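Peer 1: Kindly generate the corresponding structure for this input.
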Amino acid sequence: MNEPKIFDAVATDRIIEMAWEDRTSFDVIKLQFGIGEQQVIGLMRREMKASSFRLWRERVQGRKTKHRKPDESLPNRFRCSRQRQISSNKISKR
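Peer 2: Numbers count the residues shown, from 1 in each chain. Okay, the predicted model is just below:
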């Protein structure tokens, strides 16, 4: 089995944030951080409370936006252009 990658706190928070976002696919997380869907699931399982993880898993399973088709012609953005910047777990004002 693959050894889990070790990330600093900032990268771990960003991966969790991207995994929570509905529009960010696992392919984009893999492109940016080099970890696949199973590694993201493992990271979420380790870093989150069990109840929060279960809610996230239910929401993500089978979601079309989290499992992008290879021939999809959408731009490769890491986040939505309308998404607010998040810093220190507070939504900053524009």
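Peer 1: Phi, psi for Val40 please.
Peer 2: phi -60, psi -40 (degrees, to the nearest 10).
Peer 1: Ala19 is in contact with that one, correct?
Peer 2: Yes. Using CB atoms under 8 Å, Val40 is in contact with Ala19, at 5.5 Å. Every residue, glycine included, has its C-beta placed from N, CA and C.
Peer 1: Find the residues that touch each one of the two.
Peer 2: Ile29 (CB atoms under 8 Å, 6 or more residues apart in numbering).
Peer 1: where in this protein is pLDDT low?
Peer 2: 1-4, 63-94 (pLDDT under 70).
Peer 1: where do the strands sit along it?
Peer 2: Shown for the chain, the strands assigned by DSSP state E span residues 86-87, 90-91.
Peer 1: what's the first-to-last distance across stretch 34-54?
Peer 2: 24 Å (CA to CA, to the nearest Å).
Peer 1: ok, and what's touching it?
Peer 2: 2, 4-5, 7, 12, 15-16, 19, 26, 29-30, 56-57.
Peer 1: can you pull the buried residues of it?
Peer 2: Buried positions in stretch 34-54, judged by neighbour count with 16 or more other CB atoms under 10 Å: Ile35, Glu37, Gln39, Val40, Ile41, Leu43, Met44, Met48.
Peer 1: Thank you, goodbye.
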